[in-house]
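1. need coordinates for the following:
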Amino acid sequence: MTAPRSLSSDRHERLLSMRASRRFFDDADVETAIEEVDESQLVPLLEEFVHLPRGRHRSLHLRSLLVGLHLCTQDTGGKIVLERVTDILYFRLSPQLRTRLGIPEYEDHDQGFEAAYAVVRRIFHAMKDAMNPSPLPSNGHLSRAEANALTAAADVDDLAERERRLALFTEFVLDASVRPLHDLLAELAEVSLGIDATPVRTFSRGRRTNGPELATDPDAGWYVREGDHRDPDALVSDAMRPPAPPARKGKAKTSLVKKTSLKKKYLYGYDAHLIVTRDTEHDAVLLDDGTPNPGVLPVVVLGLALDKPGQRPAYNGLKVLDRLQERGYKPGYLAGDRAYNNSEPAEWQLPIRAMGYKPVYDYRADQLGKQDGTQGAILVEGRWYCPSMPEPLINATIDLYAERIDRETWVRLIAARRGYRLMPKQHADAEGYQRMMCPAEAGKAQCLIKPHTLGRGIHLPLVDPEPSPVGPVKVCRQKAITVSPEAGAKQWQALEYGGPEWQKIYFRLRNSVEGYNGYAKNPLAEAIEAAGSRRIRGIAAQTILLAFQLAHANRRKIAKWLETLALGGERPRRRTHHRRKIKKRGAWTPTGHLPSAA
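-> So this is what the prediction gives:
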């Protein structure tokens, strides 16, 4: 046996000098974190339902844990690791602040760290369990039979209460992050929102959907890049799937049931339903001096909900919107992708209108043209029109898709629809019913059925209804009709589809939420899509950690915005990122930026 080499007498001293000394947090930063936690009112909220088990007195308070979570996001660029939280609370705060937070002192060695880490883990999981809306435990491979038994035996009311607590918690965390903008948001006449679901990975390897056992994060699911992102192997009704694309010419038709292998699945995780706000009255273009406009607030996240990919988009969106309304945000325009406006009207369209939001939608190619009707009036791409509106105007967007008309013709036809649009006679009542005037009665057209509307000038369209053996429809017999909220509810929207105002509102909101998704997914910052940025499994833990990540992204965006403003005649501290020129409004078409016909 080879004899061990003798160690030099100063080896330990040299290694100790190589070990980095503790880098303490600045007391001012810790004071700021304590102030933000106290002002967020999270501690009183958690104390209502986080009842710690009886026994030995807890050595770490919920308030101290929240301060540690907040400081951890500042230390890691938006990520939370409980080991880092432990290191911060017990070994990187000054003795004075540890005493103020009631944090006991542990020896700075391996046993001391493990003891402190156990304390942090226990109180975090106690907080998480009090808000866990899932009946399935994580970190183990449950058999499908065990999972079904646990789900069947679960107390539905208790799970609903825990879901409410989790929603409240995320609301308080996000609300605290945008507190510097509260007064500025309150000055807005209305708060317009964009909603979108973006996939985020979970720290678990997915299992086959119909396999014998579940993954270690049983609340997550497979995200699929195509269609509605729902797992094609999951048992869902055909009515919930998007329609199959038309078969190409010369090829035999195949079965509508598409077999999908595991190779086509994109990631295993959650859909994060994010709601962002932005000023729809102004573009985010730079001023003449190359600095941002101080009157245009940055885009920030106000709400969050997690669920399996492709599951219950309307339910999750509505849950967040309901909480926003309780927080006092004045409803404005609301734009989301097609997953939301393709929901059942009773689940999405009618509730958001009852809240006061004005929906702005895009449509699939098979939803264009005439969509519905009531009392003779027709719904064309979300708005009510005279039943005698010419066919070229009704089918303008359909003809554009079929390449029967060019972009300029489409723009002209969309503008010509305005003369046939029913006009509101009064605001909708509390139940959503609204009196709508015939366009001829509103002075927007001339109609042969109503002679008193003739002779107003050639600039107004002349409506020539086709004769009918039963006589004119109700909208043509009367000056106005009462339109119920249920009429055309699935496709109705507040703005004329494709018009300049629609393009301004819809794309500002949709681009904002998509842009924020990319901002928070930056691998050099919060990296919310990466599984490694949230290493605790289960929907409750994932929601808590993601809420803190998004709160950090909000603070980072607000701070960067303030640093790039030219205030008081001084140059900004930092330059803003390069922004391309905005395309001329009106250049958009449903098929893209089409070149003009030669």
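2. what's downstream of the lowest-mean-pLDDT helix or strand in the chain, the next helix or strand?
-> Sorting the helices and strands of the chain by mean pLDDT, DSSP states H and E puts helix 11-18 at the bottom, at a mean of 81. Sequence order places helix 27-40 as the next helix or strand after helix 11-18, per DSSP states H and E.
3. now that next one: buried residues?
-> Val30, Ala33, Ile34, Glu36, Val37, Ser40 (16 or more other Cβ atoms under 10 Å). From N, CA and C alone the C-beta is placed, and that goes for glycine too.
4. so who does the first one touch?
-> The contact partners of Val30, taken as Cβ atoms under 8 Å, 6 or more residues apart in numbering, are Val67, Leu71, Leu93, Ser94, Leu97.
5. just the buried members of those?
-> Looks like these have Val67, Leu71, Leu93, Leu97 buried, using 16+ other Cβ under 10 Å.
6. closest to Tyr497 out of those residues?
-> Leu71 (48.1 Å; Cβ to Cβ).
7. who does whichever strand or helix holds the closest one touch, helix- and strand-wise?
-> Per DSSP H and E, Leu71 falls inside helix 62-76. Applying 3 or more Cβ pairs under 8 Å, 6 or more residues apart in numbering; DSSP states H and E, we find helix 62-76 packed against helix 27-40, helix 42-49, helix 82-91, helix 95-101, helix 110-130, helix 539-563.
8. tell me what angle the first one forms with helix 62-76.
-> Orientation of helix 27-40 against helix 62-76 (axes from the mean of the first three to the mean of the last three Cα atoms, to 10 degrees) gives an angle of 130 degrees.
9. so how far is helix 27-40 off the chain centroid?
-> 28 Å (Cα atoms, centre = their mean, to the nearest Å).
10. can you tell me the average pLDDT over it?
-> Average pLDDT, helix 27-40: 95.
11. Val178 is nearest to which of the helices and strands packed on helix 62-76?
-> helix 539-563 (5.5 Å).
12. what angle do that closest one and helix 110-130 make?
-> 100 degrees.
13. quick one: buried residues of helix 539-563?
-> Quick answer for helix 539-563 (16+ other Cβ under 10 Å): 539-558, 560-562.
14. also stretch 504-519?
-> Buried residues in stretch 504-519 (16+ other Cβ under 10 Å): Lys504, Ile505, Tyr506, Phe507, Arg508, Leu509, Arg510, Ser512, Val513, Tyr516, Asn517, Tyr519.
15. what residues does it touch?
-> With Cβ under 8 Å, 6+ apart as the test, stretch 504-519 has contacts from 192-196, 198, 274-276, 278, 280, 283, 299-301, 333-335, 337, 360-362, 495, 525, 553, 557, 585, 588.
16. of these, buried ones?
-> Using 16+ other Cβ under 10 Å, the buried ones in the contacts of stretch 504-519 are 192-196, 198, 274-276, 278, 280, 299-301, 333-335, 337, 360-362, 495, 525, 553, 557, 588.
17. distance-wise, check Trp410 relative to Val276.
-> Counting by Cβ to Cβ, to the nearest Å, the gap from Trp410 to Val276 is 30 Å.
18. ditto for Val483
-> Taken as Cβ to Cβ, the span from Val483 to Val276 is 31 Å.
19. now swap in Tyr270 and tell me
-> With Cβ to Cβ as the criterion, Tyr270 and Val276 are 18 Å apart.
20. picking up where we left off before, what is the least confident helix or strand of the chain packed up against?
-> Using 3+ Cβ pairs under 8 Å, 6+ apart, helix 11-18 sits against no helix or strand.
21. what separates that helix from the chain centre, distance-wise?
-> Per Cα atoms, centre = their mean, the centroid offset for helix 11-18 relative to its chain is 52 Å.
22. and for stretch 438-453?
-> With Cα atoms, centre = their mean, you get 44 Å for stretch 438-453.
23. which of the residues in that stretch are buried?
-> Buried residues in stretch 438-453, counted by 16+ other Cβ under 10 Å: Cys438, Pro439, Ala440, Glu441, Ala442, Lys444, Ala445, Gln446, Cys447, Lys450, Thr453.
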